[in-house]
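Chemist: kindly generate the corresponding structure for this input.
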Amino acid sequence: MSNIQPSDEGNNVCEFVYTGGIDVLYLNITVNATQTMKETGTSRMLFSLMIVAFTSILAVICFTVVIKTVHFSMRTQQEEEHQHEAVEYSLLYQHQINTTGRTT
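Modeler: Residues are numbered from 1 along each chain as shown. Purely as a prediction, here's the structure:
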């Protein structure tokens with residue numbers, strides 16, 4: 001028997017009917033409350049560990065998303081600055097060509 005609870009305690013009758021007849025088994029079930037409490041405590045401990053593990057995994061995922069977002073934003077900003085500098089240099093170079101008629 002498994003998963004016996006204190007409410008299962010008491011006298012029980014099991015009847016086995018088969019081709020050759022009927023067998024009757026009388027059972028007096030006694031539940032050890034301290035063992036039940038230990039098993040329940042273990043289940044609660046396991047459940048608590050599962051919650052902690054799930055929360056930790058979720059925190060790592062959120063932290064990773066934030067770091068990636070910040071990194072992407074910084075990289076995009078740097079690329080925009082480099083493009084702006086390239087445009088300024090190109091305009092300056094064209095201006096030098098237009099004013100002198102030659103490159104220096």
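Chemist: ranges for the strands of the protein?
Modeler: In the chain, the strands defined using DSSP state E lie at 10-18, 21-29.
Chemist: so what strands line up beside the first one?
Modeler: Take DSSP bridges as the rule and strand 10-18 pairs in its sheet with strand 21-29 (antiparallel).
Chemist: and the helices in the chain?
Modeler: Per DSSP state H, the chain carries helices over the ranges 33-100.
Chemist: so which of the strands of the chain is nearest Glu79?
Modeler: Taking C-beta to C-beta, strand 21-29 is the member of these nearest to Glu79, at 74.1 Å. Every C-beta, even on glycine, is put in place using the N, C-alpha and C of the backbone.
Chemist: and the closest one, what's buried?
Modeler: By neighbour count with 16 or more other C-beta atoms under 10 Å, strand 21-29 contains no buried residues.
Chemist: and for that strand, what are the contacting residues?
Modeler: Met1, Ile4, Asp8, Glu9, Gly10, Asn11, Asn12, Val13, Cys14, Glu15, Phe16 (C-beta atoms under 8 Å, 6 or more residues apart in numbering).
Chemist: I'd like the distance between the closest residue to the last one other than its chain neighbours and Glu15.
Modeler: When you say that, I think you mean Phe16. Leaving aside its sequence neighbours, Phe16 sits nearest to Asp23 (C-beta to C-beta, 6 or more residues apart in numbering; 4.3 Å). Distance, Asp23 to Glu15, by C-beta to C-beta, to the nearest Å: 7 Å.
Chemist: got any ranges where the chain has weak pLDDT?
Modeler: Residues of the chain that meet the criterion pLDDT under 70 lie in 1, 33-42, 84-104.
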